[in-house]
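Chemist: the following comprises the amino acid sequence and a computationally predicted model.
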Amino acid sequence: MRPELLHWPRHGWVRLGEGWVGHLRSPLASAERAEVADWCAAGRPLVIARRRSEDGAGELRLGLAMPDKRRIGLHVRTEAVTGRLPPLPLAEAVDAAPAVWRPMLTDLARRAQELGTAAAVYGSLAWQQRTGLRYVRPESDIDLLFAPCGRRQLEGLLELLMAVGNDSPRLDGEILLPDGAAVAWRELAGRPARLLVKGATEVGLRDLASVLALFDREEAA
């Protein structure tokens, strides 16, 4: 992974300063520009999205998800950023979840921590916690993010998720690979011969064996 990408992880969050318009790298429609301006003036963050292969150093792709499910994408220089936040820990998002979900999410966060791999969350629950606006609906899934260190942590985590992930709410999300790419945990748990892997700037197929070998090497290091 390019070193600068480590400082701007996908699913992380940023706040933009007053002069963010002057740092746009791609055009933004006037209506969308006005909505982003209002959003930033309220002190709300935007999420870091996947880069594109043509993006240069010092550029970011950001996303604004509105409560009505509309999406606005931004392409800015990093100079527009005045504050950064990491991906949201699940433990910090529990209070923003519907009350009936909270015991399960609290238990999941605890059990993941016991395995040595803390859970983060993105998607509707993360937006709800970060903004105080209503994003979560009764039918919403919970999008989780994990970064297990080594094969044993990975296998323990997948076993845990398979045991609890099909109840309500349904648990979806990604496993971060040691090289910084990501794969859907459900797909990895299914052990297909080929996996759809999301890299920093691209999405492609990899052999299951090569993905698992990354965790084996990390554990042996």
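Modeler: Cool, the structure landed.
Chemist: in the chain, which spans are helices?
Modeler: 30-41, 90-93, 102-115, 124-131, 151-164, 185-189, 208-220 (DSSP state H).
Chemist: the domain parsing of this structure - what is it?
Modeler: 3-85, 88-220 (automatic domain parsing).
Chemist: which one of the ones you listed is the most hemmed in?
Modeler: Scoring the domains of the chain by mean neighbour count under mean count of other Cβ atoms under 10 Å gives domain 88-220 as the most buried, with a mean of 17. For every residue, glycine as well, the C-beta is placed using N, CA and C.
Chemist: give the residue farthest from the middle of the protein.
Modeler: Largest separation from the mean C-alpha position in the chain: Ser30, at 27.9 Å (Cα atoms, centre = their mean).
Chemist: columns mean pLDDT on top of the domains of the chain, output as a markdown table?
Modeler: Shown next, in a markdown table, are the domains of the chain (pLDDT from 0 to 100):
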| stretch | mean pLDDT |
| --- | --- |
| domain 3-85 | 94 |
| domain 88-220 | 95 |
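Chemist: now do the contacts for Glu32.
Modeler: Counting by Cβ atoms under 8 Å, 6 or more residues apart in numbering, Glu32 touches Ile72.
Chemist: likewise Val211?
Modeler: 177, 183, 188, 195, 197.
Chemist: now Thr201
Modeler: 50-53, 55.
Chemist: closest to Gln128 among these?
Modeler: Ranked by distance to Gln128 (Cβ to Cβ), the contacts of Thr201 are led by Arg50 at 22.2 Å.
Chemist: that closest one is in contact with Lys198, isn't it?
Modeler: Yes. Counting by Cβ atoms under 8 Å, Arg50 touches Lys198, with 7.0 Å between them.
Chemist: that older thread, closest to Asn166 out of the contacts of Thr201?
Modeler: Proximity of these to Asn166 (Cβ to Cβ) peaks at Arg50, which lies at 27.5 Å.
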